[in-house]
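Asks: no sequence for this one, just the structure:
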């Protein structure tokens, strides 16, 4: 199984790109993690719904080869790291690749959320979307390390 963070946005700050690269590098070969960027829709005079619909179309193209889509959303399930690790283990057992969608500044289109296998939230706090992709990469690595009894995760 492979994991991919499909994120709306381009040209993250160097520290975000470096952080994501560090966690993708740490993942094992049998559970690779990648970050794929999807171009945001230029704002101009478009409504929020028009922006989200255009980004939805681009996201759907990027998600075609994934059997499972998980959308990050402020109203999604609030998981502990242990619960995320359990989900990760169940997804590995079920097979198929998993994509995590991180929307842009305006979020993710409602239709795409409804098509997703599930929605997750990273925090009750509002996170900038670029920071959310880094936090997600770190948490996926932490969940993997917890499953392997690696000392990176200290529980309790």
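Replies: The structure has been received and is ready for your questions. Model, not experiment: these values are computed from the prediction.

Asks: middle-most residue in this structure, spatially?
Replies: Nearest to the geometric centre of the chain sits residue 100, at 3.2 Å (Cα atoms, centre = their mean).

Asks: so that one sits in a strand?
Replies: Yes: under DSSP: H, G, I helix; E, B strand; the rest coil, residue 100 sits within a strand.

Asks: Kindly provide the distance from it to residue 151.
Replies: The spacing between residue 100 and residue 151, counted by Cβ to Cβ, to the nearest Å, is 25 Å. (C-beta placed from N, C-alpha, C; glycine too.)

Asks: Quick check: which ranges of this protein have low pLDDT?
Replies: 152-156 (pLDDT under 70).

Asks: which residues sit against the strand ranked longest in the chain?
Replies: Ordering each strand of the chain by length in residues (DSSP state E) puts strand 68-78 first. Here strand 68-78 makes contact (Cβ atoms under 8 Å, 6 or more residues apart in numbering) with 63, 91, 94, 96-103, 107-108, 112-113, 115-122, 124, 126, 132, 136.

Asks: Recalculate using a threshold of 7 Å.
Replies: Outside strand 68-78, the residues that touch it by Cβ atoms under 7 Å, 6 or more residues apart in numbering are 63, 91, 96, 98-102, 108, 112-113, 115-122, 132, 136.

Asks: which residue ranges form the helices in the chain?
Replies: Secondary structure of the chain by DSSP state H: the helices cover 14-26, 48-62, 81-94, 110-115, 129-147.

Asks: Just want the angle from the second one to strand 68-78.
Replies: By that I understand helix 48-62. Calculated by axes from the mean of the first three to the mean of the last three Cα atoms, to 10 degrees, helix 48-62 forms an angle of 130 degrees with strand 68-78.
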